[in-house]
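Visitor: sequence first, predicted model second:
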Amino acid sequence: MKGFVIRVDDELSLRLHEPCYADEVYNAVIANRDHIARWMPWLSESYSLESSRQYAADSLRAFAERKSMTVTLLENGRVVGSGGWTDWKQVKMFDGRLEFASADIGYWLAVDAQGRGLMTRAVRALTTLGFETYGLHRLTIRAEEANVRSWSVAERLGYKLEGVMRDVSRFDGRPVHHRLYALLADEWRG
């Protein structure tokens with residue numbers, strides 16, 4: 001499936017996270033370890049090149065099964081982050097009377113790539129893809145309350161704050177509270 005690329009603009013593109021890109025992503029993660037680890041529990045001491053490769057293989061399989069979609073963000077060809085959909089539900093049940101068409105958007109960005117609107121442009125592209133190409137009805141973004149940069153992306157794109165999810169998990173012994181943002185397809189203005 002190599003070649004799934006969304007060209008956002010002249011500087012930014014999103015490509016499906018595939019095993020052939022795992023080494024580049026690993027290097028970007030390691031270079032930004034302190035920044036990313038603050039927010040992302042998956043980045044532990046056990047994170048390795050092999051786990052990056054395994055995640056890439058798992059991501060490709062999950063995309064084929066329509067469970068999640070992980071993309072790598074490239075600025076002028078350089079890996080600067082990652083994003084995508086998790087909890088991708090797109091099914092009809094009970095003779096089509098009950099329909100799920102939603103996903104949760106998550107992301108991280110290298111420190112030296114922040115402040116230029118890259119993530120806002122990437123999430124705009126992921127939102128448009130979800131609504132216009134895959135026919136999703138609802139997209140959500142959850143971000144820790146203290147992660148202002150992350151939830152500001154949601155606000156810039158018109159996602160609505162639905163509330164704060166208290167004590168969603170524990171990370172390094174501290175309670176994690178998420179701001180939950182959502183956007184419906186008929187609210188999206190691209």
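Guide: Looks like it came in fine. Because the structure is predicted, anything quoted here is derived from the model rather than measured. Residues are numbered from 1 along each chain as shown.
Visitor: select the longest helix from the chain.
Guide: The single longest helix within the chain, with elements called by DSSP state H, is helix 49-64.
Visitor: what sits up against that one?
Guide: Helix 49-64 is touched from outside by 1, 16-19, 21-23, 25-26, 29, 68-70, 84, with contacts defined as CB atoms under 8 Å, 6 or more residues apart in numbering. Backbone N, C-alpha and C define where each C-beta goes, glycine included.
Visitor: go with 6 Å
Guide: 17-19, 22, 25-26, 68-70 (CB atoms under 6 Å, 6 or more residues apart in numbering).
Visitor: so what pLDDT did the residue lying farthest from the centre of the chain get?
Guide: The outermost residue of the chain, judged against the average C-alpha position, is Asp95 (31.6 Å), by CA atoms, centre = their mean. Note on Asp95: pLDDT of 82.
Visitor: check the gap between it and Arg66 for me.
Guide: Applying CB to CB, to the nearest Å, the value for Asp95 to Arg66 is 21 Å.
Visitor: mean confidence for stretch 12-23?
Guide: According to the model, stretch 12-23 has a mean pLDDT of 91.
Visitor: hmm, who's touching that stretch?
Guide: 2, 4-7, 52-53, 56-57, 59-60, 70-75, 118, 121-122.
Visitor: buried ones in that stretch?
Guide: 12-19, 21-22 (16 or more other CB atoms under 10 Å).
Visitor: residues contacting Ala125?
Guide: By CB under 6 Å, 6+ apart, the neighbours of Ala125 are 6, 8.
Visitor: picking that back up, from the contacts of helix 49-64, which land in strands?
Guide: Using DSSP state E, the members of the contacts of helix 49-64 that fall within strands are 69-70.
Visitor: which of the contacts of helix 49-64 lies closest to Ser48?
Guide: Nearest to Ser48, judged by CB to CB, of the contacts of helix 49-64 is Tyr26 at 8.0 Å.
Visitor: so what's that closest one up against?
Guide: So Tyr26 contacts 49, 52 (CB under 6 Å, 6+ apart).
Visitor: ok, now with 8 Å
Guide: Under the criterion of CB under 8 Å, 6+ apart, the contact list for Tyr26 reads 49, 52-53.
Visitor: out of the buried residues of stretch 12-23, what pair is the most spread apart?
Guide: Spanning the widest gap among the buried residues of stretch 12-23 are Leu12 and Pro19, at 22.6 Å by CB to CB.
Visitor: the residue nearest to Asn76 when sequence neighbours are not counted: neighbour count?
Guide: Spatially, and ignoring its direct neighbours in sequence, Asn76 is nearest to Glu11 (5.7 Å; CB to CB, 6 or more residues apart in numbering). Glu11 has 14 neighbouring residues, counting by other CB atoms under 10 Å.
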